[in-house]
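# Quick check, what structure comes out for this input:
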Amino acid sequence: MSVNLLELVNSSLTRENAGKIASLLGEESSTVSGGIATASASVMAGLINKASTAGGGLDLLTKINAGGFNGDFLHRFGSMLSEEEHRKGDLQKTGGELISWLFGTRQDALHKLLASSTGLSKSSVPPLLGMIAPFVMSIIGKQVASENLDSKGLVNLLNTQKNAVQHSAPAALAPLLGLANLSLLGSTSQDGSGGIVQTIVSFIKEFWPFIIGILVIGLLMKTCSQQPAKQTLPPQPPAAIVAPQVPKPVADTTRAARDTTKVSADSLGTFGEYKLPNGVKLNIPEFGIERKLIAFIEDKTKAFDKTTWFTFDRLIFDTGKATLKPVSQEQINNIGEILKAFPAVELKFGGYTDNVGDPKANLKLSQARAETVMQEIVKLGIDKKRVAAEGYGDQHPVADNATGEGRQKNRRVDCRVTRK
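Residues are numbered from 1 along each chain as shown. Model (predicted):
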């Protein structure tokens, strides 16, 4: 079984050292703990991406050896977090050079991304990366030394980390690495062009019917313009290459639009198999509620609270009612399986509406829908003591109710972990 480097980072970085980092940054310990996990995953993503380029594995191995990133560094890490050492800035300088090597001119964009995804102030992100990047390198360096890896072995080791990084790194990190999405991590070409080429190839593969359709239409228009006197209709393009017709979006004025928490397939990413700790396999999207919930449950650095909610993305209710349509059952079943796999976990479901209509009626509907989701989970064999439900009506909007898109986002069912 391959080693999980991110788990090694979290387990090796003691609570004492995490507390020292929080003190140096002047941030809350809970915020810094989450920031460390996200920063570590981002650094690891950068390393995997770097190793996938031509000569990247050898460059990385050279960097590890030249920088002294090994087990000895890990033993000295705690002392490097003292106020005196922090003022010297040696650790931050080393880490800054690593981040510059990995992300180049996109460092500022990385800082903004991590600040927005972790809750840390933007001024805290660079020094945090300066401390975490050398630590991550040292965890990898220790594995290189203990397993006597060459550059090819190092690349293979990093490639085994892709799934773990996809679950922990912010999805918006992909464009900073020149990738269409994090599922392409480590798949860049070996000619040095990297993620840009891969992104173009991915785009062409996905949209080739549109491209061919446009070319055919252009050819027909050219043919027509060259033979104006000819009255026969231009030949129809073959059915296999006609550009697909994109359906027009349903106007928000319909009642049906007000009874769904389903989001677009594009925003959910690619569906794939995920094996739970009890062996049950789920087919779930890379950015769906299931993976987010599992990642939160498994992350020992993230404590449950009253503000961390996860939004269901594939639930549809009957119009104006609290009755779920059959298509919603797949996601209900997934949540039930997650609760079975993590028997200590308890959840609370929250129902929400937009601000259209009578507030009292909206509150009643939101309560009924939250209770429906809870009851469906209980039907799957989950102890009713482990779940709760509450409706909040039009309170706590997540988007602007002045727009149709915003109102649709506000009509939702969320859940939060109340125990794990």
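# where's the nearest residue in space to residue 106 that is not next to it in sequence relative to residue 169, distance?
Leaving aside its sequence neighbours, residue 106 sits nearest to residue 176 (Cβ to Cβ, 6 or more residues apart in numbering; 4.8 Å). All C-beta spots, glycine's among them, are computed from the backbone N, C-alpha and C. To residue 169, residue 176 is 10 Å away according to Cβ to Cβ, to the nearest Å.
# Compare those two and say which is more crowded by neighbours.
residue 169 (28 against 21; other Cβ atoms under 10 Å).
# The spatially closest residue to the more buried one that is not a sequence neighbour: what's it in contact with?
Using Cβ to Cβ, 6+ apart and skipping the chain neighbours, the partner closest in space to residue 169 is residue 41 (3.9 Å). By Cβ atoms under 8 Å, 6 or more residues apart in numbering, the residues touching residue 41 are 6, 164, 165, 168, 169.
# Let's see that with 7 Å instead.
6, 165, 168, 169 (Cβ atoms under 7 Å, 6 or more residues apart in numbering).
# ok, now residue 36?
Going by Cβ under 7 Å, 6+ apart, residue 36 touches 13, 18, 132, 301.
# Would you mind putting those into TSV with pLDDT alongside?
What follows is those, written out as TSV (pLDDT from 0 to 100):
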residue	pLDDT
13	80
18	85
132	92
301	90
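# Need the three-state assignment for the residue nearest to residue 169.
Counting by DSSP: H, G, I helix; E, B strand; the rest coil, the backbone at residue 41 sits in helix.
# what about residue 138, which helix or strand?
Following DSSP states H and E, one finds residue 138 within helix 125-147.
# After that helix, which helix or strand is next?
helix 151-159.
# Not counting residues beside it along the chain, what's closest to residue 388?
residue 348 (4.5 Å).
# nope, residue 147 is what I meant
Excluding the flanking residues, the one nearest residue 147 by Cβ to Cβ, 6+ apart is residue 153, at 6.9 Å.
# And that neighbour, how close does it get to residue 146?
From residue 153 to residue 146 the distance is 12 Å (Cβ to Cβ).
# can you pull the buried residues of the helix holding residue 138?
Buried positions in helix 125-147, judged by neighbour count with 16 or more other Cβ atoms under 10 Å: 125-144.
# what does stretch 353-373 give?
Across stretch 353-373, burial judged by 16+ other Cβ under 10 Å covers 353-354, 362-373.
# How about stretch 370-383?
Buried residues in stretch 370-383, counted by 16+ other Cβ under 10 Å: 370, 371, 372, 373, 374, 376, 377, 382.
# Wasn't the fifth one part of a strand?
No: Residue 374: not assigned to a strand; according to three-state DSSP it is helix.
# about what we covered before: so how far is residue 363 from the residue nearest to residue 388?
Counting by Cβ to Cβ - residue 348 and residue 363 are separated by 17 Å.
# Same check on residue 144?
From residue 144 to residue 363 the distance is 58 Å (Cβ to Cβ).
# what's the answer for residue 162, then?
Using Cβ to Cβ, residue 162 is found at 45 Å from residue 363.
# now the angle from the helix or strand harbouring residue 74 to helix 125-147?
Here residue 74 sits within helix 71-80, counting by DSSP H and E. Angle of helix 71-80 versus helix 125-147, following axes from the mean of the first three to the mean of the last three Cα atoms, to 10 degrees, is 150 degrees.
# List the contacts of helix 71-80.
12, 17, 85, 91, 134, 135, 138, 142, 145.
# Give the buried residues for the next helix or strand after it.
On the C-terminal side of helix 71-80, the nearest following helix or strand under DSSP H and E is helix 83-88. Neighbour-count burial for helix 83-88, counted by 16+ other Cβ under 10 Å, picks out residue 86.
# What's the first helix or strand after helix 83-88?
helix 90-103.
# Please point out which parts of that next one sit buried.
Within helix 90-103, the residues scored as buried using 16+ other Cβ under 10 Å are 91, 92, 94, 95, 96, 98, 99, 102, 103.
# quick one: contacts for the residue lying closest to the fifth one once chain neighbours are set aside?
In space, and not counting its chain neighbours, residue 96 is closest to residue 130: 5.2 Å by Cβ to Cβ, 6+ apart. Under the criterion of Cβ under 7 Å, 6+ apart, the contact list for residue 130 reads 91, 92, 95, 96.
# Return the distance of residue 130 relative to residue 372.
Distance of residue 130 to residue 372, given as Cβ to Cβ: 49 Å.
# now residue 11
Remark: distance between residue 11 and residue 372 (Cβ to Cβ) = 40 Å.
# chain center to the strand or helix carrying residue 62: distance?
Using DSSP H and E, residue 62 maps to helix 56-67. Computed by Cα atoms, centre = their mean, to the nearest Å, the chain-centroid distance of helix 56-67 equals 28 Å.
# ok, back up a step: between the buried residues of stretch 370-383, which sits nearest residue 285?
Distance to residue 285, by Cβ to Cβ, is smallest for residue 373 among those, at 18.7 Å.
# For that closest one, which non-adjacent residue is closest in space?
Nearest one to residue 373, counting by Cβ to Cβ, 6+ apart, is residue 349 at 4.9 Å.
# ditto for residue 405
Among residues not flanking residue 405 along the chain, residue 399 sits closest, at 7.1 Å (Cβ to Cβ, 6+ apart).
# Run through the stretch 151-300 of the chain and note the low-pLDDT ranges.
Applying pLDDT under 70 to the stretch 151-300 of the chain flags the ranges 188-214, 216-266.
# same thing but 80
180, 186-267 (pLDDT under 80).
# For residue 73, see how far away residue 100 is.
19 Å.
# can you pull out the helices in the stretch 201-350 of the chain?
Under the criterion DSSP state H, counting those that start in this stretch, the stretch 201-350 of the chain carries helices at the ranges 265-268, 289-298, 329-341.
# Now do the last one: which elements does it pack against?
Taking 3 or more Cβ pairs under 7 Å, 6 or more residues apart in numbering; DSSP states H and E as contact, the helices and strands that helix 329-341 lies on are strand 281-285, helix 289-298, helix 359-379.
# Now do the second one and helix 329-341, the angle between them.
Using the same axes, to 10 degrees, the interaxial angle of helix 289-298 with respect to helix 329-341 works out to 10 degrees.
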